[in-house]
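# what's the 3D shape of this:
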Amino acid sequence: MDNFEIRLNEFAQKCEDLKNQEFENFGYLEKTYCELINEGNQLRQYIIQNPEICDKNSLLVLTNQVLDTSYLDEKFKSLTNIIQLTITLLQKYSEYVQELLAEQKYEEAINIYNQMYSFTRNPIYKKNIAEIYCTNLNDYDKALEICKPIEHIISTNSQFCRLYAKIYSLKSDITNNILWNKKADEIEMIAKAKDFISKEDYLEAINVYDSLFDLTKNYNYQIEIANIHAVCLSNIDKALSIYKNFEKELKDNAQYWWQLSQLYENKDKTYKQVLCIQNAVKLELNEIESREASV
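Purely as a prediction, here's the structure:
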């Protein structure tokens, strides 16, 4: 790169000038910010590809190995503007997309969300696009098409699950509507239980986990209840009774036997503790053998 230091100084000045710059329209603002972000990234990449022009500490920062920008040599400090420029642009995008939605300019709003996704790779923006197709454009198939590639990433987000449920409801797919609403309920209840635990309201947390078990028939929620009795309420006997009640359902789960062994250790019941450990190890070895056989 010719005149690297001159270009670095010019970049720093452009970032400074931007603070007082006014824009006649959003398109010009977007173009200016994107060009400046790209320019800063090109300078950063040039340094990374030519490390001899940079001190070691600065290189650590520029390669994201160190987050403390005080390690950065003064002449490279302007490159930290890349982060702030991106944050500011995303804020501008957020404000602008709300204006577009209010004006019912849905295709333009979709374009903005796609730009936000390209900057961040945050799947929430794809969810927002799917919501526009579903709610505003009544294109349910397109909404599902947008959701499918990111389903595994944000299926732990209750709002996404509600959107899925809504799409399936509008498509008259009652089975999937119930499934995704149930998943959203589960996610929200888990968060509620964890909140009760953080507040040391253990009885309310137990009530929520009981409701979760009723909703899902997932025995792991009974294990959560047992663990609250054991760890939070120091009631090992109650925890043991819960574990024993569900031995039939959980006997093939190695984690069940590991946790049960810990409870017996707390009760100084060494023989039962060893038996539980043996069961856990046996199950884990069987699982390893099965994986190796399938390769």
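# return the helix or strand in this structure with minimum mean pLDDT.
helix 151-154 (a mean of 84; mean pLDDT, DSSP states H and E).
# mind listing what's buried in it?
Residues of helix 151-154 classed as buried by neighbour count (16 or more other C-beta atoms under 10 Å): residue 154. Using the backbone N, CA and C atoms, a C-beta is placed for each residue, glycine as well.
# just the CA trace of that helix, in PDB.
Provided in PDB are the C-alpha atoms of helix 151-154 (Å, rounded to 0.1, in the frame of the first residue of the first chain):
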ATOM      1  CA  GLU A 151     -33.600 -22.000  13.200                       C
ATOM      2  CA  HIS A 152     -30.900 -23.900  15.000                       C
ATOM      3  CA  ILE A 153     -29.200 -20.700  16.100                       C
ATOM      4  CA  ILE A 154     -32.100 -18.700  17.700                       C
END
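# from the chain's centroid, how far away is that helix?
9 Å (C-alpha atoms, centre = their mean, to the nearest Å).
# what's in contact with stretch 196-207?
193, 194, 208, 225, 228, 229, 232, 233 (C-beta atoms under 8 Å, 6 or more residues apart in numbering).
# if you set the cut-off to 10 Å instead, what comes out?
192-195, 208-209, 224-226, 228-229, 231-233 (C-beta atoms under 10 Å, 6 or more residues apart in numbering).
# quick check: residue 259 touching residue 230?
Yes - counting by C-beta atoms under 10 Å, residue 259 does reach residue 230; the two are 8.7 Å apart.
# shared neighbours, the two?
With C-beta under 10 Å, 6+ apart, residue 259 and residue 230 have common neighbours 239, 243.
# helices along the stretch 1-150 of the chain, start to end?
4-18, 26-49, 56-62, 81-102, 106-120, 124-131, 140-147 (DSSP state H, counting those that start in this stretch).
# would you mind finding the most buried of these?
Most buried of those by mean neighbour count (mean count of other C-beta atoms under 10 Å) is helix 124-131; its value is a mean of 21.
# report the angle between that helix and helix 106-120.
For helix 124-131 against helix 106-120, the angle by axes from the mean of the first three to the mean of the last three C-alpha atoms, to 10 degrees is 160 degrees.
# hang on, the earlier thing: farthest pair within the contacts of stretch 196-207?
195 and 226 (19.9 Å; C-beta to C-beta).
# and those two? Which one has more around it.
residue 226 (27 against 13; other C-beta atoms under 10 Å).
# helix or strand: which one has that one?
helix 220-227 (DSSP states H and E).
# sketch out the low-pLDDT regions of the stretch 1-150 of the chain for me.
Applying pLDDT under 70 to the stretch 1-150 of the chain flags residues 1-2.
# which among the contacts of stretch 196-207 end up buried?
Buried among the contacts of stretch 196-207 by 16+ other C-beta under 10 Å: 192, 193, 208, 209, 224, 225, 226, 228, 229.
# just to revisit the earlier point, show me what the helix holding residue 226 is packed against.
Helices and strands touching helix 220-227, by 3 or more C-beta pairs under 10 Å, 6 or more residues apart in numbering; DSSP states H and E, are helix 174-198, helix 202-216, helix 236-245, helix 247-250, helix 254-266.
# just the angle between the second one and helix 220-227, please?
Angle between the axes of helix 202-216 and helix 220-227 is 160 degrees (criterion: the same axes, to 10 degrees).
# and for the longest one?
Orientation of helix 174-198 against helix 220-227 (the same axes, to 10 degrees) gives an angle of 10 degrees.
# start the count at 51, not 1, going forward
Renumbered: residue one is now 51, and that last one reads helix 224-248.
# now helix 224-248, how far from the centre of its chain.
Going by C-alpha atoms, centre = their mean, the spacing between the C-alpha centre of helix 224-248 and its chain's C-alpha centre is 16 Å.
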